[in-house]
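> A structural model of the following input is requested.
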Amino acid sequence: MHQIEHDNDEPRIDRNFPSPWKYLAVLIAFSAVTYFYANKPDWWALALGGLAGMTLTAWAIEITGNKVPDSWRTKPPR
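Predicted coordinates:
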């Protein structure tokens, strides 16, 4: 059986620093509203939607520490 070695002196991740996610979300939302107000949907609109989705994904990974919540895991059969 393989055992993973852990460094007990490894510093914890400091999640108290100001993160850019709130500002980035406001910027993307403003860009989307402005773009859709001035233009009809096209490839740039799809790209803007993709950027918004990738930003949301990056934010979720940072907030959760890239760990899946226990409620999402499959339960072993009884």
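> low-scoring stretches of this structure, by residue?
1-2, 14-15, 17-18 (pLDDT under 70).
> can you show me the helices along it?
21-38, 43-64 (DSSP state H).
> and residue 21, how many neighbours?
15 (other Cβ atoms under 10 Å). No exception for glycine: its C-beta is placed from N, CA and C like everyone else's.
> from residue 9, how far out is the residue nearest to it when sequence neighbours are not counted?
Using Cβ to Cβ, 6 or more residues apart in numbering and skipping the chain neighbours, the partner closest in space to residue 21 is residue 59 (4.5 Å). Per Cβ to Cβ, to the nearest Å, residue 59 is found 29 Å from residue 9.
> so what's the gap between stretch 53-68 and the chain middle?
3 Å (Cα atoms, centre = their mean, to the nearest Å).
> meant to ask about stretch 65-78, not that
For stretch 65-78, the distance to the chain centre is 19 Å (Cα atoms, centre = their mean).
> convert it to CSV, retaining C-alpha atoms only.
What follows is stretch 65-78 as a C-alpha-only set of coordinates in CSV (Å, rounded to 0.1, in the frame of the first residue of the first chain):
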residue,chain,number,x,y,z
GLY,A,65,-9.6,24.5,-2.6
ASN,A,66,-10.3,22.2,-5.5
LYS,A,67,-12.1,19.7,-3.3
VAL,A,68,-15.5,18.1,-4.1
PRO,A,69,-18.1,18.6,-1.3
ASP,A,70,-19.0,15.4,0.5
SER,A,71,-22.7,15.8,-0.6
TRP,A,72,-21.6,15.4,-4.2
ARG,A,73,-19.7,12.2,-3.7
THR,A,74,-21.2,8.8,-4.5
LYS,A,75,-22.2,6.8,-1.4
PRO,A,76,-21.0,3.3,-1.2
PRO,A,77,-23.7,0.6,-1.5
ARG,A,78,-25.1,-0.6,1.8
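> residues in contact with it: which ones?
Counting by Cβ atoms under 8 Å, 6 or more residues apart in numbering, stretch 65-78 makes contact with residue 13, all of which sit outside it.
> thanks a lot, catch you later.
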